[in-house]
Each structure stands twice: as structure tokens, then as C-alpha cells.
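Colleague: My questions concern the predicted model and sequence given below.
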Protein chains: 2
Amino acid sequence: MLVTYADEVALIGEILRTHGASAMPAGVQARWLTEADLRGHPSHGLQRVRTIVGRMRGGLIEADSRPELQWRSPSALVVDGRRGFGPVVGLATIRELVRRVGATGVAIGAVHGANHLGLLGPYVEEIAEDGLIGAAMTTSEALVHAWGGHTRMLGTNPIAIGIPAEQGPFVLDMATGAVSMGRVLAHARTRIPLEEGWAVDDTGAPTLDPDLAVAGAISPFGGPKGYGLGLAVELLVAALTGTALGTAVHGTLDAECESTKGDLFMVIDPGDFGVDEIPGRLSRYLQEVRRSGSSEPGKEVAVPGDRSRSARARGLSEGFTVDDGVWREAEELLQVAESDLQLERTKR
Amino acid sequence: MLVTYADEVALIGEILRTHGASAMPAGVQARWLTEADLRGHPSHGLQRVRTIVGRMRGGLIEADSRPELQWRSPSALVVDGRRGFGPVVGLATIRELVRRVGATGVAIGAVHGANHLGLLGPYVEEIAEDGLIGAAMTTSEALVHAWGGHTRMLGTNPIAIGIPAEQGPFVLDMATGAVSMGRVLAHARTRIPLEEGWAVDDTGAPTLDPDLAVAGAISPFGGPKGYGLGLAVELLVAALTGTALGTAVHGTLDAECESTKGDLFMVIDPGDFGVDEIPGRLSRYLQEVRRSGSSEPGKEVAVPGDRSRSARARGLSEGFTVDDGVWREAEELLQVAESDLQLERTKR
């Protein structure tokens, strides 16, 4: 079905408020999920609201708690998310980093105790739109095998990098797994074989069979280099946030477990390095990159951030599609009566 | 031929001193090239000394200049390499960052005007051996095409990350190109076809023919994600150092052009984020990763840094091989008389 940005934000906001969130956190979380659908990433959109509500009902998300932010060094911020919504904690963190970076040039925020951040791109995009450089990374449940290994040892550990440029920021937002488990599960439902290099079965042998992959593990993207990069994210996040590693990471995909993953954000002020005319120089180079492919008109090489930006603009003006079943399931969450919620709380 | 670490350091040191370097910079550069051969990366070893000498003779390297380091913000260091040897400038930069990071938690050094850094791994390894987290990245001549493009737009832009751990640090050191141009050229000499995914010809079509690849471009590793990452390095380095982008990057492979590339180093003090027992926790996890593969004894999964560390230890105790021709060519550089050098200098 075709929906508007305002429709989806309103629906999710209402669901979250019905389940006890107050207006501000409900609005932030609603906008973050809607951004994902708007940009063509439904795996991080409305379909996540059921798990979020389950986590709220189980006390794993405390929608109205406020994160605790503490500067432990001029450039080192430690954040306790206190079970808040991921986007509420993430935005509070980057805004504090942006505030500080004018004085120090560089600032890192290390977050524990927050729930799922959702799409990473919009955080670093917001930073880059302020003329700053932003980076974000986060750990997640172990689904990816090591290169040469065959059991699940790493999260899909995404990395996002935002850099200011004149035609709109460069925004890289990539998981270090070859594919998401959501996509493998979609193939399992539709019986379409996987692509080569996506996954292994439970003996470590490469497989195109989605069911064998579900019992096995996702492969890192790009062979040993992608594995090395995913492992670097796993270690960096754990080292600076004190959160869990490998198979001890829980709570981003389920409604049962405490969130034990961590998140890192970095902001750099390029003005503090004394280089002039950066956005203009980068933009001229990016234009060359866009023209470095096919000579067919309209067939430009994509620069990270371009596709998401144009999908967003199109979705805002023309609306965007959301799966009918996902929308209906979300609406059903409105039917859960306040009395049920009270009962659940009493039982805990 | 089999050589020792001391042999190679002595040979390179003598060559560089003969061509006008004083003892300290000659020694640092000699150790850096020797480390590469010792660790099994001859492309960054002795075979580079001819180009280095050519650059010294052409005035593109000023071996005895000292880098100029300036803190422009508490965490932002700007370094003018003043045409010095890459490793001399690189080491001065990381030592200044390590000195500062105790006070700030995070520090970034942005370097312009330095010559080729050589192997990146040892810089971040040195940082990690101090119990700190280190990262390095650098730009290089455009050899890699954009994903969807077919002309050379990006350097092979390597990234290195070092993280402390008990069995020796995690050290990732990877280029964002699928393969080095040195390896493509080696295939061209031996007429062995390339592997799939390494390169395209000058029309942008994938090719296994090394000659067509030399006229074409190297592919990014890992498809669109590796491309995005390489492009992020290109932009980050240029944004913070003010150095060149894309096809305007010169001076790491030739003896004719001013070095227009840039280098970034970052140091993070995990102690400033208040997390306890990090090296122990990371090490226990890395042990699990090493055991997550084959159950065959001795067939451990490699963690980045392991292979390099064992190659180094073996090379230090048993010696390591260097190509006979490369060693002979290097020795010939000793024959260039001091009078020639004087003549060259007078002509400039």
C-alpha cells in the first residue's frame, strides 16, 4: 500500500504512546522507523515496531528514561542509554558530540544500554549536514562466520560515515555481512536461491539453499578483508563501551533479552584541521566519480548517499509503499488494551 | 636469497646515507622497508629503495628535514611532512598523538607533504602495544575504478586498525582495492591469468588478462561496499589534510612527482572510556574466533595480525628470503658515486 511520511509517523507514534511512551520519545522512534521505509529499507522500518512494543511490555525498553551522558575526558563521552529507544539515545549522543567538537576537533561517544539504533545513515547524515564529519558503528547478534570459520561469531556490524559535500553529503551505511538475515529469511519464504558468497551451511560449506543458510551462518562481505573489518567493529565497540562480544550479544532482534550490544559515534570538525573549501573540492571530485562509468545518459555511477537521498525525496513527494500485512499487524498493536498492559506489568 | 633483518637494515641504511641521508632518518626508513620483507610483503620492502633514492636525488625527498607538528585544537594535530621520509613523519606523528591522548582520550593527526608511509600495520601495532587503539589511512595514485565506473578514480587507499589484546594486538592492514598493481604487473610478467574480480579492461569489462588490466583499472574489493569504503578514505584524507583527490594524487610510486597524497592517524585511549579488563576480554573472544573453523588440529582461523606476527618471528630467528635481483639492484645504488650526486645537486 502507498502511504505518506506523515501517515506512518502518526501510526507508529500512536502505537508507542498507547504502550506507554510519552510524546517526545514516541515521535523520535516513529520518525526513525519511517525514515527507513521512506528510503527503501523496510527491514529497519515499520516491521520492527512489533518487537519494540514487545520489548516495552517486557520492560526491556523504558521509553521515557533519559540517557546519562558523561564526559570522562575532553574528547571521550560515555553514555548509558538506560534502556531507552535507540534513536533517542543516539540523537542525544551525537548532539552532545557536535556541541563539544567545536572545542576539541574530535569527539567520540561510547554507548551502552541503548536499544536498537535503527538505520545508521541518518545519524551521520545529520552530522554531515552541519558541516562536520560523522561516523557510527554498532554491534549486533552473532550471525556472521569468521573467514575460514563456520560458526556464527560476529554481528553484521554496520559502519556509517558521513562527509559534507555541496550536492548533499557523502553517506556510506554498510553492514559488514554479505547480506542481512532478514533477506535470507525472505528467500526462505519465497524459495528463491541465495546468491553465491552470501552464506554457509552448518558444516561451513557455501550454500545457496536459504534453509541451510538459516541453520548455518552469513558470510562476511568481501572475503578476508570484510571479515577483518567486521571483527574490528566487534572489538572497537566492545573495547570502548564495555558491551558484549560475539554470541553474548542480544536484544536487537528479540523481545526477550536485555540489549547487550554497544554503539560508537565519532564527530570530527574539519575546520579544526585548517583546510579550506573542502565541500567544494570534494563535490567536484564526486562529480568526476559520478561520470566515470557508462557514457549512456542518465547512467551515472552512484556515490554513497545519492540513492537514499533520491528515494527519500521521491517518497516525500509521491508517498512510498509499505507491505499491507506489515501495516495491518502494526495497526493490531493499537488494539492491545491498556488493561492488558497493566496486567503484564503486575505479573513481572 | 636468505638474509637477516640486520643484513637488510644495514644495506638500506648504507644506501640512504650514501645518497645524503643522515643516520637517524636513514635508519628509520631502512627498518620500515625491512619490516615489510620480514613480514612477507616484498612490494613494500627493499624493492622500493630505488624509487626512494631517485626521489632523494630529484629533491622530492629531503631526508634530513624534520616534520612540523602543530596542535590546532586539543585533539587535532596538523603535520607538514616537509618532504621527509614517510616513516620518519609517520612515527613522529603517532608519538605526538600518543603523548597527547592521555589528556584528551582521542587524537587525530592529519599529514601532508610526507613521502610514502610504507607498510601501515607497524604504525598501529606500535600504538596497540602501548595499550592504545590506533588507526591509519592513506591515499595513493588513482588505480581503482568506482563500482559501476570503469576509469581509475581512487587509490588503493589502505586502512589499518590496531587494538590491544593479550596474545598480541589485533592488527588489520588492508587495501580497499581487490589487488595491488604490483601483483597485476607480476602476473603480466609471468603470463599467469588474474583471478576473477580483480580488474577491468579499458572499456570497463572484467578481465583476467593482466595486460588488459594494466591498461584498465583495478576493481574495489567486495563490490559496492569496498568501493564505498575506499571512497570514504579518499574523501576523509583529503578533507582533513587538504591533499589531492583521485587522478591528482602522485608521488608514491614514481621518482618524478611531488608527493600530493595525505595520511591520517588516530589514537584512542580506551582507559578514558572507563571499561575494565579490555585486553583480557578481547583475547578470550579472539581465542573463540580462532577455534571457530576446522576441527583439524593446527588449522586455526586467522585473526588479523596473527600471520604477520608469526612471519616476523620466524624471519627474525631463521632469516627470510629476498629476490636476488632486487638485492643486486639495491647494491648497485651504492656504486653511484658521491660526485654524481654533487653534480645532480648543482644542476638543480
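Modeller: Good, I have the coordinates.
Colleague: Neighbours of residue A:271, how many?
Modeller: 17 (other CB atoms under 10 Å in any protein chain shown). The way it works is simple: take the backbone N, C-alpha and C, and place the C-beta from them, glycine included.
Colleague: hang on, it in a strand?
Modeller: No. Counting by DSSP: H, G, I helix; E, B strand; the rest coil, residue A:271 is not found in a strand; it is helix.
Colleague: quick one: it and residue B:232, what's the gap?
Modeller: Separation of residue A:271 from residue B:232 (CB to CB, to the nearest Å) stands at 19 Å.
Colleague: just residue A:285 next, same as before
Modeller: 13 Å.
Colleague: Residue A:58 now?
Modeller: 38 Å.
Colleague: Show the pLDDT at residue A:344.
Modeller: pLDDT for residue A:344: 61.
Colleague: do the same with residue A:181
Modeller: In this model, residue A:181 carries a pLDDT of 87.
Colleague: Kindly report the same for the one 5 residues further on.
Modeller: On pLDDT, residue A:186 comes in at 87.
Colleague: Next secondary structure after the host helix or strand of it?
Modeller: In this structure, residue A:186 sits in helix A:181-190 according to DSSP states H and E. In the C-terminal direction, the helix or strand that comes right after helix A:181-190 (DSSP H and E) is strand A:199-200.
Colleague: more neighbours, residue A:285 and residue B:232?
Modeller: residue B:232 (26 against 23).
Colleague: any chance you could map the strands in chain A?
Modeller: A:2-3, A:68-73, A:76-80, A:106-112, A:133-138, A:144-145, A:152-154, A:159-163, A:170-174, A:199-200, A:217-218, A:262-268, A:320-321 (DSSP state E).
Colleague: ok and the residue in chain A nearest chain B?
Modeller: Nearest to chain B in chain A, going by CB to the nearest CB, is residue A:222, at a distance of 2.3 Å.
Colleague: Not counting sequence-adjacent ones, nearest residue to that residue?
Modeller: residue B:222 (2.3 Å; CB to CB, 6 or more residues apart in numbering or on different chains).
Colleague: That neighbour and residue A:223, how far apart?
Modeller: 7 Å.
Colleague: Which one of these two is surrounded by more residues?
Modeller: Shown here are residue B:222 and residue A:223; by other CB under 10 Å, residue B:222 has more neighbours (26 against 17).
Colleague: and the more buried one, what are its phi and psi?
Modeller: Main-chain dihedrals, residue B:222, degrees, to the nearest 10: phi 60, psi 30.
Colleague: That one against residue A:219, yeah?
Modeller: No. Assessed by CB atoms under 8 Å, residue B:222 is found out of contact with residue A:219, at 11.1 Å.
Colleague: just to revisit the earlier point, so what's the residue nearest to residue A:222 up against?
Modeller: By CB atoms under 8 Å, 6 or more residues apart in numbering or on different chains, the contact list for residue B:222 reads A:221-223, A:225-226, B:229.
Colleague: Greatest separation within those residues: which pair is it?
Modeller: A:223 and B:229 (13.7 Å; CB to CB).
Colleague: Look up phi and psi at the most centrally placed residue in chain A.
Modeller: By CA atoms, centre = their mean, chain A has its centre lying nearest to residue A:119, at 2.9 Å. According to degrees, to the nearest 10, the main-chain angles of residue A:119 amount to phi -50, psi 130.
Colleague: Look up how far residue B:128 lies from it.
Modeller: In terms of CB to CB, residue A:119 sits 32 Å off from residue B:128.
Colleague: go on, residue A:127?
Modeller: 27 Å.
Colleague: can you check residue A:290 too?
Modeller: For residue A:290 relative to residue B:128 (CB to CB), the value is 38 Å.
Colleague: more neighbours, those two?
Modeller: A side-by-side neighbour count of residue A:290 and residue B:128, using other CB under 10 Å, places residue B:128 first with 23 against 18.
Colleague: Just give me the neighbour total for residue A:5.
Modeller: 18.
Colleague: so what's it up against?
Modeller: Counted by CB under 8 Å, 6+ apart, residue A:5 has contacts A:34, A:38, A:315-316, A:320.
Colleague: switch the cut-off to 6 Å
Modeller: By CB atoms under 6 Å, 6 or more residues apart in numbering or on different chains, the residues touching residue A:5 are A:34, A:38, A:316.
Colleague: From those residues, which land in helices?
Modeller: Among the contacts of residue A:5, the ones falling in helices (DSSP state H) are A:34, A:38, A:316.
Colleague: Report how far apart the opening and closing residues of stretch A:192-212 are.
Modeller: Length of stretch A:192-212, first residue to last, CA to CA, to the nearest Å: 13 Å.
Colleague: for stretch A:239-246, that is, sorry about that
Modeller: Termini of stretch A:239-246 sit 13 Å apart (CA to CA).
Colleague: Chain A: helices as residue ranges?
Modeller: Using DSSP H, helices in chain A cover A:5-18, A:23-38, A:49-57, A:86-104, A:121-129, A:181-190, A:210-215, A:223-241, A:278-290, A:306-318, A:324-332, A:338-347.
Colleague: out of those, deepest packed?
Modeller: helix A:223-241 (a mean of 26; mean count of other CB atoms under 10 Å in any protein chain shown).
Colleague: thinking in terms of the whole chain, how far from its middle is that helix?
Modeller: How far helix A:223-241 lies from its chain's middle: 16 Å, per CA atoms, centre = their mean, to the nearest Å.
Colleague: Contacts made by that helix with the rest, please.
Modeller: With contacts defined as CB under 6 Å, 6+ apart, helix A:223-241 is touched by A:110, A:112, A:137, A:139, A:146-147, A:154, A:157, A:176, A:220, A:245, A:262, A:264, B:161, B:163, B:170, B:172, B:174, B:221-222, B:270, B:273, B:278, B:282, B:304.
Colleague: Which members of these come out as buried by neighbour count?
Modeller: Neighbour counting with 16 or more other CB atoms under 10 Å in any protein chain shown marks A:110, A:112, A:137, A:139, A:146-147, A:154, A:157, A:176, A:220, A:245, A:262, A:264, B:161, B:163, B:170, B:172, B:174, B:221-222, B:270, B:273, B:278, B:282, B:304 as buried within the contacts of helix A:223-241.
Colleague: Done for today, thanks.
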